[in-house]
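Peer 1: Build the 3D model from these lines:
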Amino acid sequence: MAARDASSVRAEVWRAVEALNATWTQGDAGALAPWFDPEMVAVTPSDPEPLVGRQACLASWQRFVARAQVRRWTTRAPVVRVHGDTAVVAYRYTLDAEVEGRVARFSGRDLMVLRRVAGRWRVVADHFSEPPAPTPPTPASPLRVGDVGVGEIAAAWAERWGGAPIVTPWGHHAPDAVRALALRARDDRLAALACWVRRATRAELVTLDAWPTGCGHGGRLLAHLHAQLRAAGVRCIRCATTNDNVRALAFYQRHGYRLVGIHLDGVDAVRRHKAVPPTGPSGLPIRDVWELVCDLAAPQAPPA
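Peer 2: Numbers count the residues shown, from 1 in each chain. Below is the predicted model of the structure:
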């Protein structure tokens, strides 16, 4: 295949992907049938198991369109490779949609495999995935605890929390109204960030973030914060997380927190200030807020 021919075929494939995405984002998921191969397989953010077959895939897209009115769909960084009558397409997307009267933002990556049948490109596989985690500090980079500025707090909140304010059952928090500690790599990149407020002998952990998650950075910074607060005379610290975030619930319990309350429909207060998706990555509806408390005056055991 000549270079010009290869380029034109890649452009043709990408036009096909844009056309099929335009079909469902404009509300007509049923019209996707000619685009979907009868043996299509799909992995989507809202279905717990892979979808097999055209009808199962159509039903999933139709369920989404039925509950979400797409306001804006954008794609970037497309990569198209063609191997005979088979094409592989990867790209990133951002989707703004109105769900149950509220606008939510979804973003991620899409990987498609298409097959040309009778001159038409059909999707034989479609896999949606979350955006990649930031690159972690290299193991050789020592981590240190230090202060953090308001600008960095605001940037971290924009990345992880949809921006300020952070709304908890106990108040609305701005970047310039919280105290903060950072865990940094040698090159000064953030490895973890803890933001809190103090009220006499009680404290509230407003946010705790780590880059990336699951590497122990958040737990290390939290232990440092607990020791600092304990030395300053703070007797307990509380925090909140949403009902879908079972990983956070387990994390805090490992670090001495206990579940002491549930604020039913507590996320409604957050949605009055910013977009919150109706469901989390696990597929659970985001509705309620869990309240957890750590007794800093109690004898301390190492995390499990």
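Peer 1: what about the residue nearest to residue 98 when sequence neighbours are not counted, which helix or strand?
Peer 2: Leaving out its chain neighbours, the residue that sits closest to residue 98 by CB to CB, 6 or more residues apart in numbering is residue 69, at 4.5 Å. In short, each C-beta sits where N, CA and C put it, glycine included. Using DSSP states H and E, the element containing residue 69 is strand 68-83.
Peer 1: List the buried residues for the helix or strand hosting residue 7?
Peer 2: Per DSSP H and E: residue 7 is located in helix 3-25. Neighbour counts using 16 or more other CB atoms under 10 Å place 9, 10, 13, 14, 16, 17, 20, 21, 23, 24, 25 of helix 3-25 among the buried residues.
Peer 1: Now do that helix and strand 68-83, the angle between them.
Peer 2: 160 degrees (axes from the mean of the first three to the mean of the last three CA atoms, to 10 degrees).
Peer 1: and helix 3-25, what does it pack onto?
Peer 2: Secondary-structure packing of helix 3-25 (3 or more CB pairs under 8 Å, 6 or more residues apart in numbering; DSSP states H and E): helix 54-67, strand 68-83, strand 86-99, strand 102-117, strand 120-129.
Peer 1: Now do the first one: distance to the chain's middle.
Peer 2: Its chain's average C-alpha position is 22 Å from that of helix 54-67, according to CA atoms, centre = their mean, to the nearest Å.
Peer 1: same check, this time on the fourth one
Peer 2: Distance of strand 102-117 from its chain centroid, counting by CA atoms, centre = their mean, is 15 Å.
Peer 1: Rounded mean pLDDT for that strand, please.
Peer 2: Averaged over strand 102-117, pLDDT sits at 87.
Peer 1: Now do it and helix 54-67, the angle between them.
Peer 2: Using the same axes, to 10 degrees, strand 102-117 lies at 160 degrees relative to helix 54-67.
Peer 1: Strand 86-99 and strand 102-117, what's the angle between them?
Peer 2: Going by the same axes, to 10 degrees, strand 102-117 makes 160 degrees with strand 86-99.
Peer 1: One more: the first one?
Peer 2: Comparing the axes of helix 54-67 and strand 86-99 via the same axes, to 10 degrees yields an angle of 30 degrees.
Peer 1: Please spell out which residues along helix 54-67 are buried.
Peer 2: Neighbour count says helix 54-67 has 54, 56, 57, 58, 60, 61, 64, 65 buried, by 16+ other CB under 10 Å.
Peer 1: ditto for the shortest one
Peer 2: Of the residues in strand 120-129, 121, 122, 123, 124, 125, 126, 128 count as buried by neighbour count, 16+ other CB under 10 Å.
Peer 1: And stretch 87-98, by the same measure?
Peer 2: In stretch 87-98, the ones that count as buried by 16+ other CB under 10 Å are 87, 89, 91, 93, 95, 96, 97.
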